[in-house]
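Trainee: Predicted structure and sequence below. I'll ask about it afterward.
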Amino acid sequence: MVINTDLEVYNCSKTFGNPSDVTFIVTCLLTVIAKDIEVSNPNTHPTNTCLLSFFGILLSFITGITRIYNVHATFDQILLGWELGIVIGLILHYCIRNQFIKHVDELLESTLLRYKLYDQLVISTALFMVFYGMLISAYQYQKLVFNEPQAWQTNFTRICGNQKVNRWDMAAQDLMNGSMLALAYGSYLGILFYSQFLGYNISKSEISVPSTIRVVISSFLVMIFVVPIGLLPNISDFRLAATFYYLIPSFAFGFVVFGVMDKIYSLRLKSLFEHHIQKYDLVLRNQQKQQQGQVQLQESLQVELIQLVILK
């Protein structure tokens, strides 16, 4: 890791390293989304493709420049964040996307038997525990081998005050940020829950009122549990902070966001998007018919010309 003692602390945060984490995450997500749109909608109008690409690149660029402006990262960290985000995004698209979508489709289509779903639940839980155990091990190792430079501590004290300087060190902050991997775990369990226990099936284009009501109720119950946690007073123990500020809210958000966002998409965005796709497909079909008509006309003219030549 590149240690830059000139970095100042922005917003009382202790996130240092190389490459820039926020720039990497944003660039990676935008790359995956852009490639998925390109593959999933081959008939998308070129203008829309250019606009999506432009705004995606602009968002990634603004993210990096903002981190530099806030003195939260150096240019080399931002540059490596852009590069690594693009590379990892392409790897995820070309190496994992098809297998991942196939697996999720099997879950959403409810084609797996109940004992298969139980196996998926056990496997996903075991993997989450393994990854979280690795995160805790990395925290312990970082505590042993890495000492924060005095310049970082001085900047942190100057900006955030003496009361917070020793509250959470860099290793604890990394552990808390890493706890957000519960977002993926919660999303996966949410897929299992919505597909099997709420009557959700992605193959149905119509909106089921009972299933929608159940999704709203489950989301409301989860938010009742999560919001009070976010309003808790400052917690000095980083283990409790990682659990209540990051782990539980990330899991809950991942659990409910899939069903809620899909319902919103189905209610409005899907019909609007399909309308534009159908309109563009109609234009393409008309162009193809015109081209076929022109070809047939040319062929008929050539045949008539040949017949005239033969008669002469």
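Mentor: Here it is on my side, so go on.
Trainee: Now do the helices in the stretch 51-200 of the chain.
Mentor: 75-91, 97-108, 114-145, 150-160, 170-178, 182-197 (DSSP state H, counting those that start in this stretch).
Trainee: burial count for the closest residue to G186 other than its chain neighbours?
Mentor: Excluding the flanking residues, the one nearest G186 by C-beta to C-beta, 6 or more residues apart in numbering is G254, at 3.0 Å. C-beta here means a position set from N, CA and C on the backbone, and glycine is covered the same way. Applying other C-beta atoms under 10 Å, we find 21 residues neighbouring G254.
Trainee: Contacts only, for G254.
Mentor: Contact analysis of G254 by C-beta atoms under 8 Å, 6 or more residues apart in numbering lists 182-190.
Trainee: between these, which is closest to I86?
Mentor: A184 (20.9 Å; C-beta to C-beta).
Trainee: residue contacts, the closest one?
Mentor: Counting by C-beta under 8 Å, 6+ apart, A184 touches G254.
Trainee: per-residue confidence for it?
Mentor: Note on A184: pLDDT of 80.
Trainee: what about it, distance to N43?
Mentor: 31 Å (C-beta to C-beta, to the nearest Å).
Trainee: related to what we said a few turns ago, name the SS class of the residue nearest to G186, please.
Mentor: helix (DSSP: H, G, I helix; E, B strand; the rest coil).
Trainee: just P19 next, same as before
Mentor: Of the three states, P19 takes coil under three-state DSSP.
Trainee: For it, which non-adjacent residue is spatially closest?
Mentor: L80 (3.4 Å).
Trainee: neighbours around Q140, how many?
Mentor: Neighbour number of Q140 under other C-beta under 10 Å is 10.
Trainee: Contact partners for Y141?
Mentor: Shown here is Y141, which makes no contacts under the criterion C-beta under 8 Å, 6+ apart.
Trainee: and if you look at M176?
Mentor: 168, 238, 241-242, 245-246.
Trainee: how close does it sit to Q296?
Mentor: Taking C-beta to C-beta, one finds M176 at 69 Å from Q296.
Trainee: G254 too?
Mentor: 56 Å.
Trainee: do the same with V22
Mentor: As judged by C-beta to C-beta, V22 and Q296 stand 58 Å apart.
Trainee: Just want to know which of the two has more residues nearby.
Mentor: Neighbours per residue (other C-beta under 10 Å) separate V22 from Q296, with V22 holding more: 17 against 10.
Trainee: what inclination does whichever strand or helix holds that one have with respect to helix 75-91?
Mentor: According to DSSP states H and E, V22 maps onto helix 21-40. Helix 21-40 runs at 30 degrees relative to helix 75-91, counting by axes from the mean of the first three to the mean of the last three C-alpha atoms, to 10 degrees.
Trainee: now helix 21-40 and helix 170-178, what's the angle there?
Mentor: 20 degrees.
Trainee: ok, residues contacting helix 21-40?
Mentor: For helix 21-40, the surrounding residues in contact (C-beta under 8 Å, 6+ apart) are 15, 44, 49, 52-53, 56, 59-60, 63-64, 67, 73, 77-78, 80-82, 84-86, 88-90, 92-93, 97, 177.
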